[in-house]
Structures are given as C-alpha cells and as structure tokens.
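**Student:** What follows is a predicted structure for the sequence shown.
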Amino acid sequence: MALSDEIVDRLMGEGIPSVEEIEKKYPPRMLSEGQCVTRIAPSPTGFMHLGSVYAALISERVAHQSGGVFMLRIEDTDTKREVEGAAEFIIKALGDFDLKFDEGPLNDKQEVGSYGPYVQSQRKEIYQAYIKEWLKKGLAYPCFCSEEEIDAMRERQSKTGGRPGYYGMWAKCRNLNEEQIKANLDAGKPFVIRFRSPVKYMYKIAIEDVCRGKRFFPENDLDIVIMKSDKLPTYHFAHLVDDHLMGTTHVLRGDEWLSSLPLHIQLFQVMGWNPPKYGHIAPIQKLEDEARRKLSKRKDPEANIAFYGEKGYPKEVVINYLMNLANSDFEDFIRANPDKNYRDFEFKIERLNNSGPLLDFVKLENISKEFIATLSADELYDRLYDWAVKYDRNLQKLMDEKSNYFKQILNIERGNCDRVRKDYYMMSAIYPEIKYFFDDEFKLTAEDVFELLPNLSRDDVKFIADEYVNLYNPADSKEEWFAKVKEFALANGYAKNAKEITKNPEMAYKGTVSDVATVLRVLITGRRESPDLYSIMQVIGNERVISRLKLI
RNA sequence: GGUCCCAUCGUCUAAUGGUUAGGACAUCACCCUUUCACGGUGGUAAUAUGGGUUCGAGUCCCGUUGGGAUCACCA
C-alpha cells in the first residue's frame, strides 16, 4: 500500500525537507557508558501539575546523577488547549524549584542545546517529513472518516461487545487505493493520517519497564492517528520522532502512558530505531471520602504547583517531600547529613514505589517545620519578604517599614536558643501568628481580657495588671524577670503549681503562678498561648508593654 | 466492560526464602515546662484473602477480593 510521490505531495504539501537531511542535523550523542538522557515534556496548558514536578525531579536526578543530559521539551501540538505564556510558566516553575535543564527553551525566543528546536510547534516540518516517508513506504495512510462515522463505529463496537477502536475490519480507510484517495481529496474532505499497524494476530509481548521490570502486554493492532487534520502530529508520533532525534535514553513519565507502551515500542520497531528505556511513575493520589484517586487538576487546588508558592512552602520542602515519596530512605539521609541536599543523595529509580503514593499534608508540614527551623532569622526574613512581594503587598510594606522589628520577632526562640520553635510551615501562616506585635492589628478590649481569663475574678485580673506595671523593669534579665513574677504571685495568694493547691486545700489559693503569667500574656498578646513571654516583652518594647498592661 | 498496573501499621516505606516484621510522620501516655511549642522516654498499630511450592513464604506460583490507570484528530 505504498503511495506515490504525487499523492503524498498532494496530501502533505511540497517543500518539506527529506528525512535524510533531518537525520544529518541530529547526530547521535557521544555518551559514555551509563550516561542517561532524559526529558520532561509538558504541554503548555497554563497549569503545572505536582505530578509533573515529581516526574521532572526524577528525570533530572537520573540524568544528572549519571552525568547525562536533562531536557525540557514543550509539547504544544494541541492548539485547542494551548494557553498564552504557558511555556514561560513551566520554565519559571522549574527554575523556582532549581530543576535545571541542560537543553530546552529559555523563553519564547531563545533556547539552549543543539538538538532543538525544543518546542514541538516549531518542529512541524520535521514530523511532516517523516509522515511523508511513512506514506510512501505504506507505513501510514490517510483516513477520511468523519467524527460522526468514528462515533457510530464505536457505538456499534460496544453494542456487539467488541473492542473499540480503529483496527482490522473496522479500519475502513486502510485499503483505499490512490483513485479513492484522490476522489476524497477532490471532494475537499478533511483527513488524518493513521499508522498502519502491522499486527494481524495479537500476541503477548514482553516489555521491560525501568521501574517495574518485565511486563506482558498484548501487541498493538490499532491504527492510531499520527497526524491530526490540522497537520500537527499526535503525542505518539511526535515523541517517537523527538526522542529518536534528540537521543533520549530514558523516558520517565506518568503511569497513564503505560497502556500505550506497546504502541510506542511498535512505532520504534517499525522505524528500525532503538527505543529508549521506559519507566512509568505511579500517580500521586489523594484521599477523598475514604477513597483514593489520582490528584485532579480540576478538583484539587493542591495538584497545581502554584498552590505551594501561594501558600509559601519553601521550594526545598516540596522537593524534599517529593524525593521522600520517590525514595523513602531520603529522609534518613537528610537526617544523617543535615548540610547536604537532595542532589547529594543517591536516588535509585528501582526503589520508586509502584502503587500511587498518597499526598500527605501532615508529612509535608512536618518536613516544612523541620526545614524552616534550620533557617536563621535573617534567612527567614528574606524568604518571607520574597513571598510577600508576590502574594501580600501589605505585608511587604510593613516589612519595609519595620524590617528590624520584624527580624527581632522572627528571632524569638530561634537565635541564641538551643531548641528552635517549629511552628511555622508556610510563609502565609507567619503574619497571622505575629499580628499582635503590631498596634494597628492589636485590638483588645477589657472585656476580651476577662473572657480569656475565666478562672480568675475581674478584681484579681485588675489587681495583677495594676501591680505588675510598677514591678516591671525592661532591664531585668530573664532570670530576674522570672523570679519577680513568681515572687509577686506567691506573695499575693497564688500557689507555686497545681500540686501545691491539691496538697494544701486549706490555703484557698486564687490560682497558680502560671495563672498570673497568663494574665500578663493575655494583656500583652491577646492570647492564652504564645512563645516565650519575656522575649516578646523585650522585642515589643517598654512603651507597648506598659500601655497594654494599663488596658484595664 | 476490555486491557494493564498495584497491594506490609492511619500515611510514606524497610526487610539475599530464615528478623521479635524495622524506621519516619501521625496518634496515645508519661517526663520536661510559667502558656503554647520544642525536646526526652515509652506505647498502640501492618504483611487484603483462599490455595499451592518449600523444612521454612511478607517475599515464589495460581485464584479471589479490593484499589488504580487507560480505552480521543488530549497530552
């Protein structure tokens, strides 16, 4: 069923370079033993899935760990789904996570690497050259079936219990002769190009998956579409040509591709090309109503990588979490080597899990708390500032005005302290936690204070506030301050601790030292819980302390 | 429904066919504590199920069940 040059030119147009010319421009890569060439190939839909970053991280590690090449290729052959500026968004997202690709587009004009272009829409002629070649060799054929005809076919297939698809006796256009093709063309019918699957009887074939080992699949007998009616290739064909020309050694991609693996292997075989090694990564899942499902772009905001930026999770945290999902011994490595990062860790693709891991925010938050606790106040300030610039202009302004004050706040129980607090896990949660340091945000009424202190009488609360103002000396050391509060409490009818109260019921204690401290805490912070009160008072300043104590 | 993938604590996972089935997060208890955190010690908690192979099975084989993916002119 080889087609003549004339009809192929009519189908595909003229002036397309020959495959020989193309092959010459893409010499095989000079790789030494073990060097891997990987790529990620997202489509620019204006959305970067967490799973894409996961796959990118794995691909990047496999390439760079072997001293190989990591590429970015933009798969924009679906013009319907394409979103303006989405490629830049992908490039930026990879940059945000320090996932550096060696070859690929840098922006809409420039790219690095000599196996480009790395944007599929710019490779249209390359695909078309191969399509022409296939048509001439009879490896592919034009199909004039309309959408309605295909739908009707599928319906009949499902009714009769048959397997849906364009194959065997259902492949109506498979054996059109040149006269028939010409007649369709003359009638102005739109067409697609289909691959002519060489399979007549389906045998099980063994395929080696890098992640899963040897697996068995039925051979592909579907005449799948390789070029759409807009003359752009489908994924199956584009990836075949690109990964061949670009010298990809390992295709590490989402699990959803596993079922088309026999097709892809077949495509390479038909061309006589060496297929890359394939590895399929199980999708990240989430729990909804006790049921697991793949993280959904539409339903789950956390599927979008932008979510993590907006919330202000440090980039290292997201990467560490994903690395931990990929190889769970990573966390042991980081614990043993706190100064190293994921690039120092030996990632093992065969240790990748084969079921879909569940996205666990509690674990992510734990990793984040641990990570943020390693930051100095200055480092945390810088990160918070960078986040505020993007997501919270009011906070940015406030930080500009009071940068020193901010640093002191962030330094509480962080600098000069053995055990750092671990209560921040994302930038967006920091300011709400420290609002009370700012007078504009501090709106506490006397009534609020009494409500927060239900176990003391109003008179007692007022007495503590009134007397303590005179006692307070900002020059006191922490020990002196501490001793003073204690002494004051004991002298005014409060017990040392709860045990004391139960031990001596006849004393009729009003409460404990802790209760007295809580009165001060509530007056100064508006809360019953806070970080170390002495540090807060030092940072907040004498003037504020006095005025807040005088509220009631 | 067809095809394919997967199955160890709640979660992520470790265990050359021989371990008391280990670790981390979460959880619980206790300790530390002037609150909340932090920190310390300890505990609860798993091989989906039925067969087989084997002296011995989480591990190998078959079935069942359950979960997932996929069946486009989307990638």
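**Tutor:** Yes, it's here. Numbers count the residues shown, from 1 in each chain, chains lettered A, B, ... in the order given.

**Student:** Was I right to think residue A:247 contacts residue A:35?
**Tutor:** No - in this structure residue A:247 lies outside contact range of residue A:35 using C-beta atoms under 8 Å: 10.4 Å. In short, each C-beta sits where N, CA and C put it, glycine included.

**Student:** quick one: which helix or strand includes residue A:309?
**Tutor:** helix A:306-311 (DSSP states H and E).

**Student:** May I have stretch A:103-116 as PDB, with CA atoms only?
**Tutor:** Provided in PDB are the C-alpha atoms of stretch A:103-116 (Å, rounded to 0.1, in the frame of the first residue of the first chain):
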ATOM      1  CA  GLU A 103      18.600  21.700  26.900                       C
ATOM      2  CA  GLY A 104      15.300  23.400  26.100                       C
ATOM      3  CA  PRO A 105      13.600  26.700  25.600                       C
ATOM      4  CA  LEU A 106      14.700  29.600  27.900                       C
ATOM      5  CA  ASN A 107      11.900  31.900  26.800                       C
ATOM      6  CA  ASP A 108       9.800  32.500  23.600                       C
ATOM      7  CA  LYS A 109      12.900  33.400  21.600                       C
ATOM      8  CA  GLN A 110      15.900  31.600  23.000                       C
ATOM      9  CA  GLU A 111      16.900  28.100  23.700                       C
ATOM     10  CA  VAL A 112      19.900  26.100  24.800                       C
ATOM     11  CA  GLY A 113      21.100  22.800  23.200                       C
ATOM     12  CA  SER A 114      21.900  21.600  19.700                       C
ATOM     13  CA  TYR A 115      19.100  19.100  19.300                       C
ATOM     14  CA  GLY A 116      16.300  21.600  19.100                       C
END
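
**Student:** who's in contact with that stretch?
**Tutor:** A:26, A:29, A:69-74, A:87-88, A:91, A:102, A:117-119, A:122, A:245-247 (C-beta atoms under 8 Å, 6 or more residues apart in numbering).

**Student:** Try it again at 10 Å.
**Tutor:** A:25-27, A:29, A:37, A:39-41, A:69-74, A:85, A:87-88, A:90-92, A:94-95, A:101-102, A:117-119, A:122-123, A:242, A:245-248 (C-beta atoms under 10 Å, 6 or more residues apart in numbering).

**Student:** helices or strands up against the helix holding residue A:309?
**Tutor:** helix A:50-65, helix A:86-96, helix A:315-326, helix A:361-373, helix A:377-391 (3 or more C-beta pairs under 10 Å, 6 or more residues apart in numbering; DSSP states H and E).

**Student:** Distance of residue A:423 relative to residue A:429?
**Tutor:** Residue A:423 sits 9 Å away from residue A:429, going by C-beta to C-beta, to the nearest Å.

**Student:** can you check residue A:248 too?
**Tutor:** For residue A:248, the distance to residue A:429 - C-beta to C-beta - is 41 Å.

**Student:** And the two? Which one has more around it.
**Tutor:** Using other C-beta atoms under 10 Å, the more surrounded residue of residue A:248 and residue A:429 is residue A:248, with 26 against 14.

**Student:** so who does the residue nearest to the more buried one when sequence neighbours are not counted touch?
**Tutor:** Residue nearest to residue A:248 in three dimensions, not counting chain neighbours: residue A:276, with 4.8 Å by C-beta to C-beta, 6 or more residues apart in numbering. By C-beta under 10 Å, 6+ apart, the residues touching residue A:276 are A:36-39, A:210, A:239, A:243-244, A:246-252, A:264, A:268.

**Student:** about what we covered before: looking at the helices and strands packed on helix A:306-311, which is nearest to RNA strand B?
**Tutor:** Closest to RNA strand B of the helices and strands packed on helix A:306-311, according to C-beta to the nearest atom of the strand: helix A:361-373, at 3.7 Å.
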